[in-house]
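S.K.: predicted coordinates and the sequence they were generated for:
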Amino acid sequence: MNFYDSERMTDLLKPHGYQLDDNEDDADLIVLNTCHIREKAVEKTYSELGRIRVKINTRKEKTGKRSIVAVAGCVAQAQGKEIIKRSPWVDIVVGPQSYQNLPELIAKVDPVNKNKNINIDFPTVPKFDQLNANIEERGPSAFLTIQEGCDKFCTFCVVPYTRGAEYSRPLKSIIDEAKQLIDVGVKEITLLGQNVNAWCSKGLDNRNWGLGKLIDELAKINDLKFIRYTTSHPLDMDIELIKSHRDNKKLMPYLHLPVQSGSDNVLKLMNRKHSAKEYLKIIEKVRNYNPKIAISGDFIVGFPGESEKDHLLTISLIKQVNYAQAYSFKYSKRPGTPGSVFLNQVNEDTKNLRLHEVQELLRSQQLSFNKNTINSTMKVLVLKKGKKKYQYIGRSPYNQSVYFSSKNENLIGSFIDLSITDAFQNSLTGNILSDF
Ligand code: 5AD
Ligand code: SF4
């Protein structure tokens, strides 16, 4: 979602004379867009700010030009004034729900008086209504935020405190943005939300629509070929969405559905609001509707109170699901979350061992999922050139990176039929079947 927000900030600032530069050394404006969900996010932000400070001081000495520095994103939201206290040379602190105000905040920066502009409100007018409609360039694949925030309050997670309450963007605003993306050459859209399948809004028939119906509506846009969504919560996996995985050919056969743990004790402590059995039932149902679907997930090992038996239940759940791909993390405390003050924190050595076991198993499942695609044919969307001569990189329907070669110079953004020749841990290789 931060990638999406950064793109929107870039769109927003273009009419004000700014353009993206990949070199900070001579930038008039540096926006540090932060994410709070990873470990030590606050420390990382301050150390990155220290590095930026050196850059802007050097620029000032060399050219006399002063750079404006803004800190955006969820760490900005959580830290607020503290950022200015610890880094007084920062000009702007702006939260993820108020970055639509960046142009005004920048205009207010006064180099002489060095007034500070902090905006970490959760405004009543949704930011999407205020973001301008200026989308100029994207690659063949783009993100589109349709839902933000979370009301679920898992005890390990900082999201409900930084992104705020669950909010679904209205249908029309999503369709308008999707059409604009298609107009600039996008072929694949990934719908984003912290709880993307909790999306719910009034549909064209005035009834409440869920994500399945939204995807079916978006699929009517001719030049939009591949649709994806992430990240989902098991509680919001309704039958309409599951059916779309069977009936809607533009919806890719990939589902990222985090479970976090295979133990009901731990799931309860995490406040996940579902049991391991309920999760497995959902997976079974999804597979009944689309047997080929690739399942992905997230796991946390070493949550406070997790016993060896709980850990083994996670291993057993992973074996039952057989993931195509998954992310796994050691539990670490996020300031302000209930989990951070739970007793029975698990020691670091045990966490390391458990993470290793979980990751080894997930790695072997991913490799066999990839190997199973050898000799099959698939349509991939060509995303970019590879490092080697004539090499291209595309994305498979199952979200795998696929490497192939062609002397044709203009394949980016095309769909190519490939025969898969080999498979590795994180990628596949293929040969072109179609006429290119
Ligand atoms: N410790 C470890 N992992 C976490 N995640 C979120 N909060 C924590 C935490 N405190 C992981 C979860 C989530 C993913 C985005 O990040 O697995 O699904
Ligand atoms: Fe965080 Fe997801 Fe739980 Fe919401 S549902 S609190 S975003 S892990």
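M.R.: Now that the structure is in, tell me what you want to look at. Ligands and ions are numbered 1, 2, ... in the order given.

S.K.: so which residues of the stretch 301-436 of the chain form strands?
M.R.: Using DSSP state E, counting those that start in this stretch, the strands found in the stretch 301-436 of the chain span residues 325-330, 377-385, 391-395, 401-405, 415-423, 427-432.

S.K.: what's the closest non-adjacent residue to Val286?
M.R.: Closest residue in space to Val286, ignoring its immediate chain neighbours: Ile242 at 5.4 Å, by Cβ to Cβ, 6 or more residues apart in numbering. No exception for glycine: its C-beta is placed from N, CA and C like everyone else's.

S.K.: wait, that neighbour sits on Tyr289?
M.R.: Yes. Using Cβ atoms under 8 Å, Ile242 is in contact with Tyr289, at 5.3 Å.

S.K.: and these two? which has more neighbours close in?
M.R.: Shown here are Ile242 and Tyr289; by other Cβ atoms under 10 Å, Ile242 has more neighbours (19 against 15).

S.K.: tell me who's in contact with the closest residue to ligand 1 within the stretch 101-250 of the chain.
M.R.: Proximity of the stretch 101-250 of the chain to ligand 1 (Cβ to the nearest ligand atom) peaks at Phe156, 3.9 Å away. Contacts of Phe156 were listed using Cβ atoms under 8 Å, 6 or more residues apart in numbering, and they are Gln260, Met270, Ile300, Phe303, Tyr331, Arg334, Thr337, Gly339.

S.K.: mind running it again at 7 Å?
M.R.: Phe156 makes contacts with Met270, Ile300, Phe303, Tyr331, Arg334, Thr337, Gly339, as judged by Cβ atoms under 7 Å, 6 or more residues apart in numbering.

S.K.: next, work out how far apart the second one and ligand 2 are.
M.R.: The one in question is Ile300. 9 Å (Cβ to the nearest ligand atom, to the nearest Å).

S.K.: and ligand 1, is the one helix or strand that residue maps to touching that?
M.R.: Assigned by DSSP states H and E, Ile300 belongs to strand 294-301. Yes. On the criterion Cβ under 6 Å from any ligand atom, strand 294-301 is in touch with ligand 1 at Asp298, Ile300.

S.K.: quick one on the thing from earlier: helix, strand or coil for the residue nearest to Val286?
M.R.: Counting by DSSP: H, G, I helix; E, B strand; the rest coil, the backbone at Ile242 sits in helix.

S.K.: check what pLDDT it gets.
M.R.: Looking at Ile242, its pLDDT is 98.

S.K.: the host helix or strand of Glu43: how far from the chain's middle?
M.R.: Assigned by DSSP H and E, Glu43 belongs to helix 41-63. On the basis of Cα atoms, centre = their mean, to the nearest Å, helix 41-63 sits 26 Å off its chain's mean C-alpha point.

S.K.: mind listing what's buried in it?
M.R.: By neighbour count on 16 or more other Cβ atoms under 10 Å, the buried set for helix 41-63 is Ala41, Val42, Thr45, Leu49, Ile52, Lys55, Ile56, Arg59.

S.K.: now stretch 342-358
M.R.: Phe342, Gln345, Val346, Thr350, Lys351, Arg354, Leu355, Glu357, Val358.

S.K.: what's the answer for stretch 283-297, then?
M.R.: Residues of stretch 283-297 classed as buried: Ile283, Val286, Arg287, Asn290, Ile293, Ala294, Ile295, Ser296, Gly297 (neighbour count, 16+ other Cβ under 10 Å).

S.K.: which of these sits closest to ligand 1?
M.R.: Distance ranking of those against ligand 1, using Cβ to the nearest ligand atom, places Gly297 first at 8.5 Å.

S.K.: what's the distance between the nearest residue to the closest one once chain neighbours are set aside and ligand 2?
M.R.: Once flanking residues are discounted, Gly297 sits nearest to Ala326: 4.5 Å by Cβ to Cβ, 6+ apart. According to Cβ to the nearest ligand atom, Ala326 and ligand 2 sit 15 Å apart.

S.K.: tell me who's in contact with the residue nearest to Val286.
M.R.: Applying Cβ under 7 Å, 6+ apart, we find Ile242 in contact with Lys285, Val286, Tyr289.

S.K.: so is the helix or strand Glu7 falls within next to ligand 1?
M.R.: Assigned by DSSP H and E, Glu7 belongs to helix 2-13. No. If you take Cβ under 6 Å from any ligand atom as the test, helix 2-13 misses ligand 1, and the best it gets is 12.1 Å.

S.K.: and the stretch 51-200 of the chain, which of its residues are near ligand 2?
M.R.: By Cβ under 6 Å from any ligand atom, the residues of the stretch 51-200 of the chain that approach ligand 2 are Cys150, Lys152, Phe153, Cys154, Cys157, Val159, Pro160, Gln194, Asn195.

S.K.: and for the fifth one, the neighbour number?
M.R.: Number of residues near Cys157 (other Cβ under 10 Å) recorded here: 22.

S.K.: quick one, what contacts Leu29?
M.R.: Tyr18, Ser67, Ile68, Ala70, Ile106.

S.K.: dihedrals phi and psi, it?
M.R.: Backbone torsions for Leu29, taken as degrees, to the nearest 10, come to phi -140, psi 130.
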